[in-house]
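*Asks:* can you look at this prediction? I've put the sequence above it.
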Amino acid sequence: MHAIDKPPAVLGMDVGKQSHWACLLTHDGEMQINRPVANREDELASLFSKLDHGTLVVVDQVRNIGALAIRCAREAGLDVAYLTGLAEHNAAKLLPGDAKTDERDALVIATTAMGMPTALLPCPEPDETVDAARTLAAQRDYVVADSTRAKNRLRSVLFESCPAFEAGVDYAQGWTLNLIEKLGGAWQIADASASEIGALTRGADREKVARLVETTRGTKRPPEPVVEAEGRNCKTLAKRIREDAEEAAALDGEIAALLTGDVTYRCLTTVPGIGTRTASELVIGIDIALFDGHDKLASYCGLAPRDRQSGTSISSVTASRQGNKRLKNLLIFSCNSIVRSDNRFGRYYRMLREERHMPHGKALKAVARKRLKVIYAIMRDKVPYAA
């Protein structure tokens, strides 16, 4: 990432819901401000208006509770930067004491920004379309997480009632969830008539349906009050899973529609293995102007190895555990769709597996790293992929 020049003064802000703690350090190390400021626009504007031109405002959160402070600082004509939580945590160990207070955190932020400006990350400039897509993506993530919780809870209920039935449930099959939502748990489905089940599983494989219904045979039926309670819970959970899936699909469509006019988004969808979901996450999560090379982008995404050196021996094979884990997982797992293809990435994967005897996981990560070079060039130059 581009380095941030050392400013004449730094205002470190430990942001909070009700108020932020502000600590202003000058180039000479003098502390001129050290007090809380309310998280209100008028209070923040008043504070920023008193700062000299060139003062750098550094926050520890770029969204949520830090959003208003960033907007007010920019309106006051001040530059804004961001210190990650991990960097702040590590920097705090270098200062005396081990207290964890807002005042000390603000001092850590200001001291780190003044002494080590390379530790700072620039705050991306606002983009109405990308910001709207990011808001929808955050809602989609919430819906997907809610669906996962509901599936895990449904598995727990079904497993306690009839393990064989739970083992036969395939949540990817719409008819399975439809059966559970309309009828209930394993025992309500076992009690249902063939016509009822047939109407709810129209178009499904008859043998699979029959096998699922028959899984309750050989398992002792729980007491009737328990069966009724389990059935009620199963209906509720299956309905939530279906609604979450529909909401996630609708949000994906809205995000894609929002970004259709974005050149970078359209170009990214031409890369093998990158669909609308991955392309939208890349556009939302990466400001390519902040990276001066694909190596820096790989480091940010957690796809760069971690160097280890001792004397004349140096190794780069250790995987880094830092970086943006969300983008890292997205970039790696999206390569599953291309490893069997005949394009350059598929051939590279097979070479790693056959000639270098690399495990699947490591080979997939290597393919993701190779493809990231292409992604970087496409996002930088805004041109479609060319094999």
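*Replies:* Yes, it's here. Numbering: from 1, shown residues only.
*Asks:* distance check, V213 against R277.
*Replies:* Going from V213 to R277 by Cβ to Cβ, to the nearest Å gives 35 Å. The C-beta positions use only the backbone N, C-alpha and C, and glycine is treated the same way.
*Asks:* low pLDDT regions in this structure?
*Replies:* Residues of the chain meeting the criterion pLDDT under 70: 1-5, 306-322.
*Asks:* list the contacts of stretch 188-208.
*Replies:* 165, 173, 175, 178-180, 182-183, 209, 212-213, 216, 227, 231, 234 (Cβ atoms under 8 Å, 6 or more residues apart in numbering).
*Asks:* for the protein, which residue occupies the most central location?
*Replies:* R326 (3.8 Å; Cα atoms, centre = their mean).
*Asks:* which residue sits closest to that residue, ignoring its sequence neighbours?
*Replies:* G285 (7.1 Å; Cβ to Cβ, 6 or more residues apart in numbering).
*Asks:* tell me the SS of D292?
*Replies:* At D292 the chain is in coil, as set by DSSP: H, G, I helix; E, B strand; the rest coil.
*Asks:* how far away is it from I197?
*Replies:* 61 Å.
*Asks:* now the terminal residues of stretch 8-23, how far apart.
*Replies:* 14 Å (Cα to Cα, to the nearest Å).
*Asks:* can you list contacts of that stretch?
*Replies:* Under Cβ under 8 Å, 6+ apart, the answer for stretch 8-23 is 24-27, 31-39, 44, 47, 51-52, 54-61, 65-66, 69, 102-103, 105-114.
*Asks:* same check on stretch 376-387?
*Replies:* Contact with stretch 376-387 is made by 263-264, 266-268, 270-272, 282, 286, 288, 291, 293-294, 297, 343-344, 374, as judged by Cβ under 8 Å, 6+ apart.
*Asks:* could you rerun that using 6 Å?
*Replies:* Contacts to stretch 376-387, defined as Cβ atoms under 6 Å, 6 or more residues apart in numbering, come from residues 263-264, 267, 270-271, 288, 294, 297.
*Asks:* so which of those is the most crowded?
*Replies:* L297 (23 neighbours; other Cβ atoms under 10 Å).
*Asks:* circling back to that earlier point, how many residues are close by the residue nearest to R326?
*Replies:* Neighbour tally, G285, other Cβ under 10 Å: 16.
*Asks:* what do you get for I332?
*Replies:* Burial of I332 is recorded as 20 neighbouring residues (other Cβ under 10 Å).
*Asks:* and V213 and R277? Which one has more around it.
*Replies:* V213 (19 against 15).
*Asks:* what about the strands in the protein?
*Replies:* 9-14, 19-26, 31-38, 56-59, 79-82, 121-122, 305-310, 313-319 (DSSP state E).
*Asks:* may I see the buried residues of the helix ranked longest in the chain?
*Replies:* In the chain, assigned by DSSP state H, the helix with the most residues is helix 224-259. The neighbour-count check on helix 224-259 (16 or more other Cβ atoms under 10 Å) flags 227, 230-231, 233-235, 237-238, 240-242, 244-245, 247-248, 251-252, 254-256, 258-259 as buried.
*Asks:* next: stretch 70-81.
*Replies:* Neighbour-count burial for stretch 70-81 flags 70, 72-74, 76, 78-81 (criterion: 16+ other Cβ under 10 Å).
*Asks:* and for stretch 213-222?
*Replies:* 213, 215-216, 222.
*Asks:* would you turn the buried residues of stretch 70-81 into a markdown table with distance to H20?
*Replies:* Formatted as a markdown table, the buried residues of stretch 70-81 follow (distance: Cβ to Cβ, whole Å):
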| residue | distance to H20 |
| --- | --- |
| I70 | 11 |
| C72 | 11 |
| A73 | 11 |
| R74 | 16 |
| A76 | 15 |
| L78 | 14 |
| D79 | 17 |
| V80 | 13 |
| A81 | 15 |
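*Asks:* D146: which of those residues is nearest?
*Replies:* Nearest to D146 out of the buried residues of stretch 70-81 is I70 (Cβ to Cβ; 29.1 Å).
*Asks:* what residues are up against the spatially closest residue to I241 that is not a sequence neighbour?
*Replies:* Residue nearest to I241 in three dimensions, not counting chain neighbours: A150, with 4.9 Å by Cβ to Cβ, 6+ apart. By Cβ under 6 Å, 6+ apart, the residues touching A150 are 237, 240-241.
*Asks:* ok, for A298, nearest residue in space, not its chain neighbours?
*Replies:* A304 (4.3 Å).
*Asks:* from G12, how far out is that neighbour?
*Replies:* Taken as Cβ to Cβ, the span from A304 to G12 is 29 Å.
*Asks:* who's more crowded, those two?
*Replies:* Neighbour totals were compared for A304 and G12, and G12 leads with 29 against 20 (other Cβ under 10 Å).
*Asks:* circling back: are any of the contacts of stretch 8-23 buried, and which?
*Replies:* Neighbour-count burial (16+ other Cβ under 10 Å) applied to the contacts of stretch 8-23 gives 24-25, 33, 36-37, 39, 44, 47, 51, 55-61, 66, 69, 102, 105-114.
*Asks:* thinking again about what came up before, Serialize the strands of the chain to TSV and add fields for distance to S156.
*Replies:* Formatted as TSV, those follow (distance: least, Cβ to Cβ, whole Å):
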stretch	distance to S156
strand 9-14	40
strand 19-26	42
strand 31-38	45
strand 56-59	41
strand 79-82	40
strand 121-122	41
strand 305-310	38
strand 313-319	33
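*Asks:* good, wrapping up.
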